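Engineer: Pasting the sequence and the predicted coordinates here, then a few questions.
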Amino acid sequence: MTTKRQKKPGNNSFQDFLPEHIGVSVLNDLAAAVDSVRDEGAKGRYLAEQYLSKYCDSKTTPPDVRRMAAIEKWLATEVRNAETNRRLMLADPEMDFGWTTWGNLRSKVRLIISDILGPLHYPDVLMSGMHTNGASTRVPRGVTAAADKFTGKAHGSFAAQTHWHEVVKDTILDDQEIELREQSSLFTVPKSSDIDRVACKEPEVNMFLQRSVGNHIRRNLKRIGIDLNDQSRNRDLARQAVKKQLATIDLSSASDSISRQLIIELLPFEWWSLLDDLRVKETLVDGQIHELEMFSSMGNGFTFELESLLFYAITRAVCWQSSIKGTISVYGDDIIAPNGVTPRLKRIFFFFGFLMNSEKSAWTGVFRESCGGHYHNSVDITPFYVREPIRKKSDLIRLLNQVLEWDGRGYGFFITDTFARFHKKYSALIPLHLHGGQLIESIDSLVTGDKPCKRIAHRKREVKMVNTLTLLWWLTSGRLGTQRFVRGVLIETDPSSDVRTPLVSDPVKVGKCYLAPQPDWLEPTTWTPYLIYHDEIG
């Protein structure tokens with residue numbers, strides 16, 4: 001009698017799990033390490049103040065309370081937007097701000113915006129949109145979401161569908177049915193320990209076209225030195241801000257404070273008209289229709305680019321009319337401007353419906369902050385954040401890498417005994433074959449001086465974003481076979497049939513974690529993060 005040999009499990013399988021008591025121990029020991037540096041200068045003090053400010057678990061503010069706080073704040077912003085709409089609609093052009101009038105300021109801002117946007121070339125301006133894997137009113141967020149948005153009846157507003165048909169005419173997408181949807185849908189995501197952040201899911205047709213306009217604004221801003229694909233310029237300017245007499249300015253709820261009337265006042269008519277067609281004008285808030293006082297919200301495909309354009313133009317106009325020279329840079333609502341113009345900017349922003357965040361804005365003293373970079377007298381004191389309990393090895397890897405980066409910033413190894421001991425203790429819980437990582441922001445391998453070996457990976461196939469121009473070229477070129485990939489998205493159609501079918505995404509297989517080889521370009525090194533304390537903690 002023979003027995004069937006059991007197949008051994010693959011040696012690259014991996015369980016990304018930590019017992020709860022380990023996670024508790026990690027956070028307790030981290031708290032002790034942070035407390036030990038609290039009184040050792042601005043960097044340690046700031047870390048102690050900030051590292052748990054975004055932490056959320058079952059013991060912090062309950063999720064429903066955080067959600068309601070976010071919605072109440074959003075609705076309060078809408079009340080302020082309504083006041084802004086009335087104020088701007090009734091504003092006298094001769095109203096005097098002390099150094100300029102409303103009419104003169106509006107004309108200057110409009111001129112700057114018009115120069116940046118340039119002429120509206122239609123429909124070319126709508127031909128660089130894309131679907132992403134984010135959620136829409138019809139399709140949930142997921143790795144196939146970008147492809148799924150091309151299937152079934154697409155959601156779109158009445159005003160946007162005319163522009164959509166102009167973009168997709170004579171392509172396979174021309175036959176995709178549109179189901180009218182005039183509202184976005186409000187939802188919240190975690191932001192801090194006591195309040196969530198509000199965003200809105202939009203109809204996918206609107207989002208596709210909005211992204212194309214956003215791409216146009218992004219490209220044109222880059223031509224004048226504002227690169228919305230790169231936050232490093234703002235961070236570098238924030239580091240130099242005290243020496244260069246620059247202010248770092250942050251606005252509260254900026255994306256939700258772009259009022260309808262402000263866009264009417266400041267954008268050329270043809271651009272306002274197009275953007276007004278592409279936006280939704282109502283939002284569902286827990287099943288109730290809310291008519292928007294804001295022009296666009298977080299979730300709209302051009303909001304980030306539009307707010308960047310507005311804040312750059314307003315800041316530049318105020319500086320010009322105040323005869324103040326200096327560097328101006330924006331990244332969303334992260335604004336950098338000369339110190340001297342800040343009081344006037346604060347007044348103008350308030351008139352336009354924006355509130356300056358006093359906790360994150362600075363134009364006096366030695367602290368500056370922009371785009372996630374925090375500086376004290378030009379010294380980088382940016383903290384790391386623990387946002388949730390440590391439940392997995394990958395969570396622990398992220399934290400240990402953050403601890404090394406924070407304590408060893410500028411050196412590459414630990415300079416504080418307590419953090420070196422903390423890292424040494426808990427790195428022992430990470431399997432040795434996951435040591436040797438070299439990317440400090442990684443969560444799949446621990447940064448050490450060991451030879452790179454393995455990394456944590458997941459059994460899933462990502463679906464990339466689909467660019468309109470690439471997609472439409474494939475759809476109209478007659479080069480589609482039974483199955484062809486367009487930028488990583490599987491589409492299916494029968495070229496022998498006269499019936500054109502929507503795109504169909506390939507099902508994604510998601511499995512457990514496994515161990516994969518490190519990239520070939522990583523090289524072994526000889527350094528150790530415990531260089532100074534090697535004898536003491538080894």
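Structural biologist: Alright, I've got the coordinates. As the structure is a prediction and not an experimental result, all values here were calculated from the model.
Engineer: Nearest residue to Val366 in space, please, no chain neighbours.
Structural biologist: The shortest distance from Val366 to any residue that is not its chain neighbour, by Cβ to Cβ, 6 or more residues apart in numbering, is 4.5 Å, and that residue is Asn377. C-beta: built from backbone N, CA, C; applies to glycine.
Engineer: Do me a favour and average the pLDDT over the helix or strand harbouring Ala317.
Structural biologist: Ala317 belongs to helix 303-321 when assigned by DSSP states H and E. Taken as a whole, helix 303-321 has an average pLDDT of 98.
Engineer: what's downstream of it, the next helix or strand?
Structural biologist: Using DSSP H and E, the next helix or strand after helix 303-321 towards the C-terminus is strand 329-331.
Engineer: packing partners for that next one?
Structural biologist: With contacts taken as 3 or more Cβ pairs under 8 Å, 6 or more residues apart in numbering; DSSP states H and E, strand 329-331 sits against helix 232-244, helix 303-321, strand 334-338.
Engineer: Tell me the strands beside the shortest one, with direction?
Structural biologist: By that I understand strand 334-338. According to DSSP bridges, strand 334-338 forms sheet pairs with strand 246-252 (antiparallel), strand 329-331 (antiparallel).
Engineer: tally of neighbours for Ala420?
Structural biologist: Around Ala420 sit 25 other residues, with neighbours defined as other Cβ atoms under 10 Å.
Engineer: list the contacts for it?
Structural biologist: With contacts taken as Cβ atoms under 8 Å, 6 or more residues apart in numbering, Ala420 has the following neighbours: Asp407, Phe414, Pro529, Tyr530, Ile532, Tyr533, Ile537.
Engineer: hmm, try it at 10 Å
Structural biologist: If a contact means Cβ atoms under 10 Å, 6 or more residues apart in numbering, then Ala420 has 33, 403-404, 407-408, 413-414, 529-534, 536-537 as its contacts.
Engineer: now, which of those sits nearest Gly41?
Structural biologist: Distance ranking of these against Gly41, using Cβ to Cβ, places Asp407 first at 12.5 Å.
Engineer: Check the gap between that closest one and Lys424 for me.
Structural biologist: Applying Cβ to Cβ, to the nearest Å, one obtains 12 Å for the distance of Asp407 from Lys424.
Engineer: Taking the centroid of the protein, which residue is nearest it?
Structural biologist: By Cα atoms, centre = their mean, the mean C-alpha position of the chain lies nearest to Phe304, the distance being 9.4 Å.
Engineer: ok so, going back, now the strands paired with strand 334-338 in CSV, with distance to Asn357?
Structural biologist: Output for the strands paired with strand 334-338, formatted as CSV (distance: least, Cβ to Cβ, whole Å):
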stretch, distance to Asn357
strand 246-252, 4
strand 329-331, 15
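Engineer: TSV for the ones you listed, including mean pLDDT?
Structural biologist: Shown next, in TSV, are those (pLDDT from 0 to 100):
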stretch	mean pLDDT
strand 246-252	96
strand 329-331	98
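Engineer: Those: which one's closest to Leu275?
Structural biologist: Evaluated over these, closeness to Leu275 peaks at strand 329-331, with 18.8 Å, by Cβ to Cβ.
Engineer: Would you map the helices across the stretch 301-450 of the chain?
Structural biologist: In the stretch 301-450 of the chain, the helices defined using DSSP state H, counting those that start in this stretch lie at 303-321, 342-351, 393-407, 417-427.
Engineer: Could you verify my assumption that Ile112 touches Pro268?
Structural biologist: No: under the criterion of Cβ atoms under 10 Å, Ile112 makes no contact with Pro268, lying 11.4 Å away.
Engineer: Compare neighbour counts for the two and give me the winner.
Structural biologist: Neighbour comparison, Ile112 and Pro268: the larger count goes to Ile112, with 20 against 15 (by other Cβ under 10 Å).
Engineer: if we can go back for a sec, among the helices and strands packed on strand 329-331, which is the most enclosed?
Structural biologist: Neighbour counts (mean count of other Cβ atoms under 10 Å) averaged over each of the helices and strands packed on strand 329-331 peak at strand 334-338, with a mean of 25.
Engineer: ok now that one, how far from the chain's centre?
Structural biologist: Strand 334-338 has its average C-alpha position 19 Å from the chain's average C-alpha position, going by Cα atoms, centre = their mean, to the nearest Å.
Engineer: quick one: average pLDDT of that strand?
Structural biologist: Average pLDDT, strand 334-338: 98.
Engineer: Okay then, goodbye and thanks.
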